[in-house]
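Chemist: one predicted model, sequence on top.
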Amino acid sequence: MVNALVERYGRTGFAALSSAIWAIPMAAWAGSSDLSPIDKTAYPWIALAIGLVMLAVWLVLITRLGRLSVTARQRRFDLGQMSTSEKRWTLGCLAFITGLIAWLNAAATVDWGPLFSAVGSGKTGPIGLAIALVAFLVAMIAGVVWTARRANRAYADRLRPSRPAAAEALR
């Protein structure tokens, strides 16, 4: 299974995809540790322990990744094959995705009642904060869409043969 995933996504893409096995438990730990002192129902140390064990599993997996053989072909997320433009737009897309996740994480762990009541009473500061929060959300979504399209275009340009003789050989 690992060989098939590495063959499909390349070493870099597989490493990025497989990082979810430890990143998700660590995010759960971070969220539950915020809530635990308040309601005493979350158990953050369980999520932390799972995350640390999965981090160790991931590190072992990544250290063995270099020994796998892969066929030479174009892959979407292979850093060695990516053009500078493709790297730049992919990094930008990841930055906007991170901002969106941060906004969603904050939105999920905040009590919105005081903000809604302050906005409902017409207070200027909370209204400005609400507008800024919505603007940030819109900017993150628009940034993800824009940079993903540019990254996809850069990838398509990389796949497109640059010489007419190479294009004829592919037909």
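Modeler: It's in.

Chemist: quick one, what contacts residue 54?
Modeler: Residue 54 makes contact with 21-22, 25, according to CB atoms under 8 Å, 6 or more residues apart in numbering. Placement of C-beta: from N, CA and C, glycine included.

Chemist: ok, now residue 140?
Modeler: By CB under 8 Å, 6+ apart, the neighbours of residue 140 are 96, 99-100, 103.

Chemist: so which strand or helix has it?
Modeler: helix 124-159 (DSSP states H and E).

Chemist: buried stuff in that helix?
Modeler: 126, 140, 143-144, 147-148, 150-151, 154-155 (16 or more other CB atoms under 10 Å).

Chemist: what's the answer for stretch 76-85, then?
Modeler: 76-77, 81-82.

Chemist: would you turn those residues into JSON lines with pLDDT and distance to residue 91?
Modeler: Converted to JSON lines, the buried residues of stretch 76-85 look like this (pLDDT from 0 to 100; distance: CB to CB, whole Å):
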{"residue": "76", "pLDDT": "72", "distance to residue 91": "14"}
{"residue": "77", "pLDDT": "70", "distance to residue 91": "12"}
{"residue": "81", "pLDDT": "80", "distance to residue 91": "16"}
{"residue": "82", "pLDDT": "83", "distance to residue 91": "10"}
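
Chemist: from residue 137, how far off is residue 126?
Modeler: Residue 126 is 16 Å from residue 137, where distance means CB to CB, to the nearest Å.

Chemist: ok, now residue 111?
Modeler: Counting by CB to CB, the gap from residue 111 to residue 137 is 18 Å.

Chemist: residue 90 too?
Modeler: For residue 90 relative to residue 137 (CB to CB), the value is 22 Å.

Chemist: got it, and residue 18?
Modeler: In terms of CB to CB, residue 18 sits 29 Å off from residue 137.

Chemist: can you list the domains in the chain?
Modeler: Domains of the chain are assigned by automatic domain parsing as 1-80, 82-161.

Chemist: ok, of those domains, where does mean pLDDT dip lowest?
Modeler: Lowest mean pLDDT within the domains of the chain: domain 1-80, at a mean of 70.

Chemist: make JSON lines from the contacts of residue 140 and add distance to residue 49 and neighbour count to it.
Modeler: Below are the contacts of residue 140 laid out as JSON lines (distance: CB to CB, whole Å; neighbours: other CB atoms under 10 Å):
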{"residue": "96", "distance to residue 49": "32", "neighbour count": "19"}
{"residue": "99", "distance to residue 49": "29", "neighbour count": "17"}
{"residue": "100", "distance to residue 49": "28", "neighbour count": "17"}
{"residue": "103", "distance to residue 49": "28", "neighbour count": "16"}
